[in-house]
Each structure stands twice: as structure tokens, then as C-alpha cells.
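Enquirer: Please find the sequence and the predicted model below.
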Amino acid sequence: MNTNNSRQSIFRFVSAFIITSLHSLLFYCTLFFGYNRILEFPLDSGGYLMVMLYCLCSIGIFRIMGAFRVGYNRRFNIIISHIISICFVNMVAYLQLSLIHRGFMPVLYIFLMTLAQIALSIAWTFVVFVINKKYVSITELLLVYGDRKAEDIVYKILEREDQYRICETVHYEKDSLMNKNNIDFVRERILNYKAVIIYRLPSCDRNDLLKFCYENDIEVYLPPRISDIIIRGAKSLDQFDSPLIVCRNCSLTDTQRMVKRISDIVISLFGILITAPLMAVIALAIKLYDGGPVFFTQKRVTRDERVFDIYKFRSMIVDAEKNNDVIPAIDKDPRITPVGNVIRKLRLDELPQLFNILKGDMSVVGPRPERVEHHEAYSKQIPEFNYRTKVKAGLTGYAQVMGKYNTTPYDKLLMDLEYIQKFSFFLDFRLILLTVKILFMKESTEGFRDKKGGRHEKND
């Protein structure tokens with residue numbers, strides 16, 4: 001058993017219990033010493049029930065946002081997760097109190113409580129990170145890789161050197177009388193570590209090492225294959241006297257599609273109404289700057305590989321891509337207008353896609369719609385890439401939230417399949433909440449680097 005992970009789990013539980021208790025205590029004080037004096041019928045025992053519900057709601061939202069994942073997420077990530085969670089939970093609590101009062105309550109108490117909780121969470125984050133760094137050791141890893149080079153996984157591990165360290169690498173080769181890096185040699189090296197990365201080995205050898213690690217209580221990190229993702233969505237069948245799983249491979253059911261479509265219509269209409277003034281200001285700014293068209297349309301691919309026109313606010317000069325040539329944007333691209341620079345950073349150029357959702361071209365949550373040219377190119381490289389089109393393309397989604405803009409097409413495919421196979425409305429709710437968080441995360445917009453060291457950003 002990995003005692004390091006065991007200590008970390010206990011530490012996360014204790015630290016989460018402390019911060020949740022402190023937040024609930026602040027809500028208790030705000031409720032009984034603030035709002036209770038304003039309510040027409042003051043809360044007695046019902047107030048304690050509200051505090052309990054507040055605590056449970058806090059735990060749920062904080063877990064969804066990853067606010068307790070100390071030692072896993074970065075410090076800034078944790079702080080942003082806390083701030084968004086606090087604002088969401090307090091908004092729900094305020095609406096509950098307003099319903100009890102039968103009218104809007106003064107916002108001063110809830111506002112001051114929110115500020116106090118944010119300050120408390122920031123202080124808590126710094127303290128727990130110091131303690132975690134001092135008492136929880138870094139996980140030392142052995143990397144076993146096959147024919148494919150392992151630079152990608154090494155680079156990703158180096159980005160989290162505060163948590164992981166690759167101490168040794170072994171290039172595994174097929175059993176041979178002439179080479180030493182056979183299965184027996186790899187097993188000997190694995191026994192010196194508590195955790196191992198098995199990277200892109202042939203299936204039979206990967207399975208053999210996976211079982212060996214299981215026997216010896218050694219943690220295994222490995223990238224999933226497409227078949228692994230498909231199996232994750234399987235259901236257990238208990239009709240026989242031997243275990244059997246069923247991969248139905250039908251993406252969403254008709255009922256799920258109907259409910260998802262209704263929710264898309266409601267959310268898009270609500271979004272359009274709320275953001276209409278902002279969209280009007282953006283449209284006016286674009287028009288006044290150069291007199292060109294406000295909107296930009298582009299051919300994208302959605303469910304069943306159907307092509308549609310996606311709507312975005314124009315953020316580049318007119319005819320930025322002449323003759324329909326695909327020219328990725330780079331840092332400080334001269335084609336991006338001053339107005340476009342602002343709306344791209346804040347991702348406000350995506351707002352018109354609410355109309356795509358209302359039309360039925362897209363969903364709120366789903367795989368990101370690829371350009372037709374990219375979809376065709378990726379499908380030639382990866383024949384399974386069109387599996388993403390089992391569901392409608394989405395404004396946000398699993399790959400958009402969990403990945404980066406420069407995540408490889410294959411990794412995007414894996415994450416999108418993860419969403420399709422694990423689909424639930426709770427997962428959609430979680431991804432919508434996490435989308436708010438990634439707006440503040442700089443690494444989520446990290447682009448492709450060009451040959452001169454520049455970075456490609458998203459295209460219009």
C-alpha cells in the first residue's frame with residue numbers, strides 16, 4: 001500500500017472538514033445574528049436544518065469544483081475553485097432565505113459573509129499547501145515505455161514536479177535472448193518503486209505488468225486506450241453464473257436526448273436574455289472599430305458528421321484567412337483587432353454560439369466542434385476520431401474543461417469518449433460549473449508553439 005497516498009487522503013479529509021466547518025459556522029452566525037432579526041417569522045430549529053443543508057451543499061459543490069484536492073491541483077486552481085464554490089453556495093442560500101421571507105433580503109450580510117469566507121479559504125489554502133509540502137513526500141515513479149517515445153508523458157510529469165518525480169526510465173523491448181530489457185528485467189526494476197507509469201506497451205505485456213503490480217500493491221499510471229474508454233461505459237450483467245459486461249455503444253438514449261434538448265433550449269434562451277446587453281455592446285464595438293461584419297461564421301462538424309455554420313463575434317480583421325486557407329493565430333497576431341484581443345481573452349467571442357444551441361446545431365455540453373478541414377485530417381490519422389460525433393458538438397465539454405487548447409487530437413478523442421461513455425445530467429452540471437473555473441485558468445488556453453517559439457492560439 002502507498003503510505004504517501006494514504007497520508008494525503010487523510011490530510012485532505014481533515015483539512016476539508018476544517019474549512020467546511022468554518023464556512024458553516026460563518027453561515028450560522030450570519031443567519032442567527034443577522035438575517036434572523038429581519039425575518040417576519042424568525043427561524044428556530046429550522047435554522048439548524050438550514051445550516052446542515054448549507055454544509056451538505058458546500059461539500060457537494062466544493063467536491064465538484066475540486067476545491068479539496070490539495071496536492072493534486074495547483075494553489076491558484078484551488079483558490080479559484082473555492083471562490084466560485086462559495087459564490088454559488090451563498091447565492092443558493094440567499095435565494096432560500098428570500099423565499100422564506102417572501103421578498104428579497106438585504107444583501108449586505110451575505111456579501112460580508114462571502115468576503116470573510118473567501119479570505120478564510122485563501123488563508124486555508126496557503127496553510128494546507130505548506131503542511132502538505134512539508135509532511136507529504138513526492139511520489140517517486142518508474143517509467144516503463146515501449147516503442148513509442150515517452151517525451152510527452154515526461155513533459156507532463158515535469159509540469160507537476162511538486163507532486164511527482166520520475167526517478168528511472170526503462171525502455172521495454174520484446175523478450176529476446178539478446179536484449180536485457182525483457183519482462184523479467186522490468187519486473188525486477190518495478191519492485192524498487194511504489195508507483196510505476198506503463199506507457200504505450202503492447203496490450204499483452206501491459207496486462208502482464210498490470211497484474212504483477214496488482215499482486216505487489218504497486219500503483220500504476222497508464223494512458224487508456226480507446227477500447228479501455230469504451231469498456232468504462234459497460235454495464236454488468238448478472239443473469240448468468242459468470243460475470244459478463246455489456247457494451248451497448250449507443251451513446252445517449254432517446255429519453256436522454258429529449259431531456260438534453262429541452263435543457264439546451266432553456267439554458268440557451270436564459271443565456272441569450274442575460275447576455276443580450278453585453279452582446280449588443282460587443283457588436284457595437286466591433287462595428288465602430290473597422291465597419292466590418294460583426295459576426296464570423298465557419299463550417300464545423302457536429303453529430304453524425306453533419307456540417308453547420310458556427311457563429312462567433314469577429315475578433316480578427318476582415319479576410320484574415322484569404323482563400324479559405326487555415327492560418328492559426330499566434331501570440332500578438334497582427335490580424336487580431338484591439339476589440340478582438342479583449343473578447344478572445346475573456347472568451348466572449350463564443351457568446352453567439354448560444355444561437356447555435358437554440359437552433360439545435362450544438363448542445364451546451366459536448367465535444368468541441370472541429371473545423372471541417374481538421375476533422376477530415378484527424379480522421380485520416382485516427383480512424384476512430386469520428387466516434388466523437390455520436391453526440392452533438394458542445395459549447396463546453398470534457399476535453400475543453402480537462403484538457404488544454406493544444407491537447408493532441410488523440411487525447412481529445414479519449415476525453416470526449418470518456419464523456420460519451422459516462423454521460424449523465426450530473427456530469428453535464430459538473431462540466432458547466434467547471435467551465436466557469438477554467439475562464440480564470442491561463443494554462444487552459446495554452447496554444448501550439450510555432451517553429452520560432454511563438455504560440456498558436458485558437459482560430460476564429
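Expert: Received it, and whenever you're ready, just let me know what you need. Just so it is clear, the structure is predicted and the values come from calculations on it, not from any experiment.

Enquirer: for stretch 28-47, the distance to its chain's centre please.
Expert: Computed by Cα atoms, centre = their mean, to the nearest Å, the chain-centroid distance of stretch 28-47 equals 38 Å.

Enquirer: what sits up against it?
Expert: Identification of contacts with stretch 28-47 by Cβ atoms under 8 Å, 6 or more residues apart in numbering yields 50-51, 97, 100-102, 105-106, 109-110, 112-113. No exception for glycine: its C-beta is placed from N, CA and C like everyone else's.

Enquirer: Of these, select the buried ones using a PyMOL command.
Expert: Of the contacts of stretch 28-47, the buried ones can be selected in PyMOL as follows, counting by 16 or more other Cβ atoms under 10 Å:
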select buried, resi 50+51+97+100+105+109+110+113
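
Enquirer: Any stretches of the protein with poor pLDDT?
Expert: 1-5, 40, 174-181, 321-332, 405-406, 442-460 (pLDDT under 70).

Enquirer: Look through it and tell me its longest helix.
Expert: In the chain, assigned by DSSP state H, the helix with the most residues is helix 254-290.

Enquirer: now, which of the contacts of stretch 28-47 sits nearest Phe13?
Expert: Taking Cβ to Cβ as the measure, Phe13 lies nearest Val51 of these, at 20.9 Å.

Enquirer: quick one: buried residues of the helix or strand that contains that closest one?
Expert: Here Val51 sits within helix 45-65, counting by DSSP states H and E. Using 16+ other Cβ under 10 Å as the test for burial, helix 45-65 gives 47, 50-51, 54-55, 57-59, 61-62, 64-65.

Enquirer: CA atoms only: put that helix into CSV for me.
Expert: What follows is helix 45-65, C-alpha atoms only, in CSV (Å, rounded to 0.1, in the frame of the first residue of the first chain):
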residue,chain,number,x,y,z
SER,A,45,-34.9,24.7,14.9
GLY,A,46,-35.5,25.3,11.2
GLY,A,47,-32.4,27.4,11.2
TYR,A,48,-30.2,24.5,12.3
LEU,A,49,-31.7,22.5,9.4
MET,A,50,-30.7,25.3,7.0
VAL,A,51,-27.1,25.2,8.4
MET,A,52,-27.0,21.5,7.9
LEU,A,53,-28.2,21.8,4.3
TYR,A,54,-25.7,24.6,3.7
CYS,A,55,-22.9,22.4,5.0
LEU,A,56,-24.0,19.5,2.7
CYS,A,57,-24.4,21.8,-0.3
SER,A,58,-20.9,23.2,0.4
ILE,A,59,-19.3,19.8,0.5
GLY,A,60,-21.0,18.7,-2.8
ILE,A,61,-20.1,21.9,-4.8
PHE,A,62,-16.6,22.0,-3.3
ARG,A,63,-16.0,18.4,-4.4
ILE,A,64,-17.4,19.1,-7.9
MET,A,65,-15.1,22.0,-8.3
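
Enquirer: And the next helix or strand past it?
Expert: helix 75-101.

Enquirer: and the direction of that next one versus that of helix 45-65, what angle?
Expert: In terms of direction (axes from the mean of the first three to the mean of the last three Cα atoms, to 10 degrees), helix 75-101 departs from helix 45-65 by 150 degrees.

Enquirer: Not counting sequence-adjacent ones, nearest residue to Ile110?
Expert: Tyr94 (4.9 Å; Cβ to Cβ, 6 or more residues apart in numbering).

Enquirer: Same question for Thr114.
Expert: Per Cβ to Cβ, 6+ apart, closest to Thr114 is Asn90, 5.1 Å.

Enquirer: contacting residues around the one you found?
Expert: 110, 113-114, 117.

Enquirer: how is the chain carved up into domains?
Expert: Per automatic domain parsing, the structural domains of the chain span 3-135, 139-223, 254-457.

Enquirer: Export these as JSON lines, with columns for distance to Phe240.
Expert: Formatted as JSON lines, these follow (distance: least, Cβ to Cβ, whole Å):
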{"stretch": "domain 3-135", "distance to Phe240": "36"}
{"stretch": "domain 139-223", "distance to Phe240": "24"}
{"stretch": "domain 254-457", "distance to Phe240": "23"}
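
Enquirer: rewinding a little: closest to Glu373 among the contacts of stretch 28-47?
Expert: Ile110 (49.8 Å).

Enquirer: list the contacts for the closest one?
Expert: Ile110 neighbours (Cβ under 8 Å, 6+ apart): 30, 90, 93-94, 97.

Enquirer: List just the nearest of these to Leu348.
Expert: Once Cβ to Cβ is applied, the member of those that ends up nearest Leu348 is Asn90, at 25.4 Å.

Enquirer: For Val196, give me phi and psi.
Expert: When read as degrees, to the nearest 10, the backbone of Val196 gives phi -140, psi 140.

Enquirer: What of Leu351?
Expert: Main-chain torsions, Leu351, degrees, to the nearest 10: phi -50, psi -40.

Enquirer: Touching, it and Val281? I think so.
Expert: No: applying Cβ atoms under 8 Å, one finds Leu351 not in contact with Val281, separated by 11.1 Å.

Enquirer: Pick out whichever of these two has more residues nearby.
Expert: Leu351 (21 against 11; other Cβ atoms under 10 Å).

Enquirer: If we ignore the residues flanking it in sequence, what's nearest Ser379?
Expert: Here the residue nearest Ser379, using Cβ to Cβ, 6+ apart, is Phe385, at 4.6 Å.

Enquirer: Number of residues surrounding the one you found?
Expert: The burial count for Phe385: 21, using other Cβ under 10 Å.

Enquirer: is it true that it touches His374?
Expert: No: judged on Cβ under 8 Å, Phe385 makes no contact with His374 at a distance of 9.6 Å.

Enquirer: Need the residues touching each of those two.
Expert: In contact with both Phe385 and His374: Pro409, using Cβ under 8 Å, 6+ apart.
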